[in-house]
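>>> This is a predicted model, with the sequence first.
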Amino acid sequence: MAGHSKFKNIQFRKGRQDKIRSKLFSKLSRDITLAAKTGVPDPKDNARLRLAIAAAKAESMPKDNIDRAIKKAAGGEADTYEEIRYEGFGPGGVGLIVEVLTDNRNRAAANVRAIFGKNGGALGETGSVAFMFDRLGEVVYPAKAASDDAMMEAAIEAGAEDVESDEETHTVFTGFEDLGAVIEALEAKFGAPKRTGIVWRPKSLTPVEGEQAASLLKLMDALDDEDDVQTVFPNSDISEEEMERLSA
């Protein structure tokens, strides 16, 4: 188990995306609708739906919005949605995985390809980037929920694979198939987590700085703004100092 790493650093784009509330809620709603359609509309019997609802609640999505998203599945709205994974390379050779949920495959492919092309990147073939990442479950708690040692001990007992702790959060990583059980075990000790989900965690990081870092952020901003894009995962390593400079 590794107690600290830079995974939180490479996920900083998520924080900026979360500020765009209407777009974020739209993406969360689609995820809930699809989860309800692919299983049963009761989260007690649908692990994927439980995760989707938990993610929505973590972003303070109103209960009425969540209920409407579930009801849409019964109305057949989710039949048109398709999940697609795109892989590509950004400035500095950074690998990116882009998860899309769309009702128009051709539109999504054209838009994602154009965004990469206009921002110093290139869309790759399926498998060209995924081998650089591990597909894992993620459970995030605020740092105040427990000490580093207490979280590490509880995570090990729950069957987690890794824990990263810093001044703000504890991030617990699990095998894809173990996520539900780990969430349940940690909730019993620490209450509801801040965030849960399935992530692509880089096996190694690619350092970028200066113009390359600025161009990478621009590319990721453009992908975040695309309505069909659900999540973006890079294997970049940008220093805290560089992040602050570029955000100024």
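Structure's in. What do you need?
>>> Do a quick rundown of the strands in the chain.
82-89, 95-102, 122-123, 133-142, 162-165, 169-175, 195-202, 206-207, 229-234, 236-237 (DSSP state E).
>>> closest one to residue 149 among those strands?
For these, proximity to residue 149 was assessed by C-beta to C-beta; strand 162-165 is nearest, at 9.3 Å. The way it works is simple: take the backbone N, C-alpha and C, and place the C-beta from them, glycine included.
>>> mind giving me the domain split of this structure?
Domain assignment for the chain by automatic domain parsing gives 14-79, 82-131+204-247, 133-202.
>>> Turn the strands of the chain into TSV, columns for mean pLDDT.
Output for the strands of the chain, formatted as TSV (pLDDT from 0 to 100):
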stretch	mean pLDDT
strand 82-89	94
strand 95-102	94
strand 122-123	96
strand 133-142	93
strand 162-165	93
strand 169-175	94
strand 195-202	89
strand 206-207	92
strand 229-234	92
strand 236-237	88
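>>> follow-up on the earlier one: tabulate the domains of the chain (JSON lines), appending mean neighbour count.
Listed next are the domains of the chain as JSON lines, based on neighbours: other C-beta atoms under 10 Å:
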{"stretch": "domain 14-79", "mean neighbour count": "17"}
{"stretch": "domain 82-131+204-247", "mean neighbour count": "18"}
{"stretch": "domain 133-202", "mean neighbour count": "18"}
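>>> Quick check: longest helix in the protein by residues?
helix 21-38 (DSSP state H).
>>> now that helix and strand 195-202, what's the angle there?
Orientation of helix 21-38 against strand 195-202 (axes from the mean of the first three to the mean of the last three C-alpha atoms, to 10 degrees) gives an angle of 90 degrees.
>>> related to what we said a few turns ago, output the strands of the chain in a markdown table; the columns should cover distance to residue 222.
As requested, the strands of the chain are exported to a markdown table (distance: least, C-beta to C-beta, whole Å):
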| stretch | distance to residue 222 |
| --- | --- |
| strand 82-89 | 12 |
| strand 95-102 | 11 |
| strand 122-123 | 13 |
| strand 133-142 | 21 |
| strand 162-165 | 28 |
| strand 169-175 | 26 |
| strand 195-202 | 19 |
| strand 206-207 | 19 |
| strand 229-234 | 9 |
| strand 236-237 | 15 |
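>>> so which of the ones you listed gets nearest residue 247?
It is, among the strands of the chain and with distance given as C-beta to C-beta, strand 236-237, at 15.0 Å.
>>> And the pLDDT for the residue lying farthest from the centre of the chain?
Centroid-distance maximum for the chain: residue 75 at 27.3 Å, with C-alpha atoms, centre = their mean. The per-residue pLDDT reported for residue 75 equals 75.
>>> Skipping its backbone neighbours, what lies nearest residue 57 in space?
Among residues not flanking residue 57 along the chain, residue 66 sits closest, at 7.5 Å (C-beta to C-beta, 6 or more residues apart in numbering).
>>> That neighbour reaches residue 58, doesn't it?
No: Residue 66 is beyond contact range of residue 58, at 11.8 Å (criterion: C-beta atoms under 8 Å).
>>> what's near enough to touch residue 133?
95, 97, 200-203, 233, 235 (C-beta atoms under 8 Å, 6 or more residues apart in numbering).
>>> Dump those residues into a markdown table; add distance to residue 86 as well.
Output for the contacts of residue 133, formatted as a markdown table (distance: C-beta to C-beta, whole Å):
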| residue | distance to residue 86 |
| --- | --- |
| 95 | 12 |
| 97 | 8 |
| 200 | 12 |
| 201 | 18 |
| 202 | 17 |
| 203 | 19 |
| 233 | 11 |
| 235 | 15 |
